[in-house]
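Engineer: next one to model:
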Amino acid sequence: MWRDSESQDDFLNFTELAEQVATLATNASLLPISIGVFGTWGTGKSTVLSLVEQTLKNAEPAPIIVKFDAWLYQGFDDAKAALMEVVAARLVDESKANEGLLQKAKAFAGRVNYFRALGMAADFGLGMAFGVPPGLLTKAGGAIGAMVAGKAGGDDADALKEGGKAAVDAWSKLIRPAEEKTPPKEIAAFREEFGEIIAGLGRPLILFIDNLDRCLPDVAIGTLEAVRLFLFIEGTAFVIAADEDMIRHSVSKHFGDINSRHVKDYLDKVIQVPLRVPQVSSEDVRAYMYSLFTSLHAPEKLPEVKAHLLEALQTGWKGSTFTRKEIFELAGSPAHLLDALAVCDRLAPILTKAPTIGGNPRIVKRLLNAITLRQTLAGSRKMNVDLATLAKLAVFERSTDARAAQKLYQLVMDENGAEPFLNATGKLKEDRPDWPLEWKGHEPFIEEWREMEPHFDNAASLRPAVFLSRDVMAPSVARSGLSDAAVAAVAALSAVDSVNSPAGTSVVGDLSATDRRAVMGELIEHLRKQDWKKLPSGIHGAVILGKASSDAAAELKAFVETIPAGGMHKPTRFILENGGYLAKGR
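Structural biologist: Take a look at the predicted model:
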């Protein structure tokens, strides 16, 4: 199995993108510069940052590299202050060889407390942190602001005492300025000192910001604001890895005006050079899986294999390619590798095209981890199950949904129940029995999946593999504890094609309040895996259910808000707007 994290190795030909980023970040004539590395979850943004860092080790002069994971600070600190403190701490460390510069760096670090204080004064979480009753927080707020500014009087002290001694002590320890301070003065002084320290060190500072798209909107925007307002000065470069659509969604939520030109242009103003993680091809996915299996079966040969694969990918425009035989021989012909590479050849095209996978490296790795775990279990139980069969079943699970996979399991376990659907060389489509209701919406994928090798001509041979699938990746419906009525409702509501469906309305009317909430949860999980640039199956049923249950409606509305505005099918948008689940114009 493989660790589910960013890689230090380039298995997907990202080195060229990393070199572009490194070149921009170290070009003195371009600094200051902000570079965006954009891509959806799992596409390799963090791996690109890692490769950029490796590339920068050879730069002259060696840059000061600071890494900031925005997600780590969410819920624990003010985003602006946390980012500035990480930068300041690194500058103090870098300045230790120069006493004069060290003192300036320490004074610079001290200014961060001022901005943290302002952020905390505006945060109503302060009352809970220090045990201040909510009714007293507003009264104490002005006194806190005066104290931060260095001009507190007797009345302010009384107000703070009324807010609780704990709050007074906390603020006194946090900051006790000797002179009056104002935000404009402090920002100007902060930027000036920052620039002087960078100039004194004689080396550029490159800040990597990762996982910004995992943060709540205020944290994401606070981090970007810190870059724009405080840190964007001569000698600095910022490399920000994020999902572009998620950040735009955060901007919209933060400013509360989705039609504002400021909202639409915000990210474009903060990021000067947007770069996108390349869309992977079938050849890229095949090379990626070849590298993963080589690292498993012949790790000592991985550098040679990786170099060969990258050269083939980089010269693909000339028609260059690679074969499993040459990679097998280059890796020293270890046992089992050739079979694994053959499975990669079969999987690569469908993993690239499958709607819920799309060649996403993180998803591919997780899928392979599930497959290899099942193969290990099969060996320990002396079950004769080959890797290709396990892989094909895992692809079905990932590319459909839990209900569709559960139906497949049922057909396999039912004597002669699955052959008409599994046999790729069997009956013509028009002569085959109707698709199971649970497969509605997945027909194009399943047709392609049937043609994928190995061909399943005998359902009985699949039963050991199905048992393994239940052990490792049992469908959510099977483990959710849904009642029989709820299970039936999920299936029915996923299939209706109108928000006025009498059948859907009847099904919902027969559900208890508890079942309605549970069914909405299952429908949302189903919708989460859909391609929202098309009409997602189940959306009509979810709207019908939302009409009958305010709790279910609230869940659906909360989920809809997570869907990027630019990635929604127009008829779907119309359905949701008219149901009150989506603000018009979003």
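Engineer: Lys407 looks like it's in a strand, true?
Structural biologist: No - assessed with DSSP: H, G, I helix; E, B strand; the rest coil, Lys407 is helix; it does not lie in a strand.
Engineer: now the closest residue in space to it that isn't next to it in sequence: phi and psi?
Structural biologist: In space, not counting the residues next to it along the chain, Lys407 is nearest to Glu438; the distance is 4.0 Å by C-beta to C-beta, 6 or more residues apart in numbering. From N, CA and C alone the C-beta is placed, and that goes for glycine too. Backbone torsions of Glu438, given as degrees, to the nearest 10, read phi -70, psi -20.
Engineer: quick one: Glu438 from Gly538, how far?
Structural biologist: In this structure, Glu438 lies at 11 Å from Gly538, with C-beta to C-beta, to the nearest Å as the measure.
Engineer: which residues do those two both contact?
Structural biologist: Ser494 (C-beta atoms under 8 Å, 6 or more residues apart in numbering).
Engineer: which of those two has more residues huddled nearby?
Structural biologist: Between Glu438 and Gly538, counting by other C-beta atoms under 10 Å, Gly538 is the more crowded of the two (25 against 22).
Engineer: contacting residues around the more buried one?
Structural biologist: By C-beta under 8 Å, 6+ apart, the contact set of Gly538 is 441, 493-494, 523, 526-527, 530.
Engineer: can you tell me the closest non-neighbouring residue to it?
Structural biologist: Nearest non-adjacent residue to Gly538, counting by C-beta to C-beta, 6+ apart: Ser494, 4.3 Å away.
Engineer: what about that neighbour, neighbour count?
Structural biologist: Taking other C-beta under 10 Å as the criterion, the count of residues near Ser494 is 27.
Engineer: could you say which helix or strand holds it?
Structural biologist: Take DSSP states H and E as the rule and Ser494 turns out to sit in helix 484-495.
Engineer: could you say what helices and strands the helix or strand that that helix is followed by packs with?
Structural biologist: On the C-terminal side of helix 484-495, the nearest following helix or strand under DSSP H and E is helix 502-509. Packed against helix 502-509, as judged by 3 or more C-beta pairs under 8 Å, 6 or more residues apart in numbering; DSSP states H and E, are the following elements: helix 484-495, helix 539-548.
Engineer: out of those, which gets nearest to Ala62?
Structural biologist: Nearest to Ala62, of all the helices and strands packed on helix 502-509, is helix 539-548, at 53.5 Å by C-beta to C-beta.
Engineer: buried set for the closest one?
Structural biologist: Residues of helix 539-548 classed as buried by neighbour count (16 or more other C-beta atoms under 10 Å): 539-546.
Engineer: low-confidence ranges, the stretch 1-150 of the chain, go.
Structural biologist: Counting by pLDDT under 70, the stretch 1-150 of the chain shows low-confidence ranges at 1, 3-10, 73-78, 114-150.
Engineer: that one: helices as residue ranges?
Structural biologist: Counting by DSSP state H, counting those that start in this stretch, the segments of the stretch 1-150 of the chain that form helices are 15-25, 45-56, 70-73, 79-94, 99-121, 125-130, 134-149.
Engineer: cool, and the stretch 251-400 of the chain?
Structural biologist: Applying DSSP H, counting those that start in this stretch to the stretch 251-400 of the chain gives helices spanning 261-270, 282-297, 302-314, 324-330, 337-353, 361-380, 387-399.
Engineer: ranked by average pLDDT, which of those falls at the bottom?
Structural biologist: Sorting the helices of the stretch 251-400 of the chain by mean pLDDT places helix 261-270 lowest, at a mean of 72.
Engineer: quick one on the thing from earlier: narrow the contacts of Gly538 to those in helices?
Structural biologist: Using DSSP state H, the subset of these located in helices is 493-494, 523, 526-527.
Engineer: buried ones among those residues?
Structural biologist: Neighbour-count burial (16+ other C-beta under 10 Å) is assigned, among the ones in helices among the contacts of Gly538, to 493-494, 523, 526-527.
Engineer: check which helices and strands the helix holding Ser494 sits against.
Structural biologist: Packed against helix 484-495, as judged by 3+ C-beta pairs under 8 Å, 6+ apart, are the following elements: helix 402-413, helix 502-509, helix 513-528, helix 539-548.
Engineer: what angle separates the first one from helix 513-528?
Structural biologist: Read it as helix 402-413. With axes from the mean of the first three to the mean of the last three C-alpha atoms, to 10 degrees as the criterion, the two stretches helix 402-413 and helix 513-528 enclose an angle of 90 degrees.
Engineer: give the buried residues for helix 402-413.
Structural biologist: Within helix 402-413, the residues scored as buried using 16+ other C-beta under 10 Å are 402-409, 411-412.
Engineer: what helices or strands is that helix leaning on?
Structural biologist: Counting by 3+ C-beta pairs under 8 Å, 6+ apart, the elements that helix 402-413 packs against turn out to be helix 387-399, helix 463-473, helix 476-479, helix 484-495, helix 513-528.
Engineer: deepest of those helices, which one?
Structural biologist: By mean neighbour count, with neighbours taken as mean count of other C-beta atoms under 10 Å, helix 387-399 ranks first of the helices and strands packed on helix 402-413 at a mean of 22.
Engineer: can you give me the offset of stretch 290-310 from its chain's centre?
Structural biologist: Going by C-alpha atoms, centre = their mean, to the nearest Å, the spacing between the C-alpha centre of stretch 290-310 and its chain's C-alpha centre is 27 Å.
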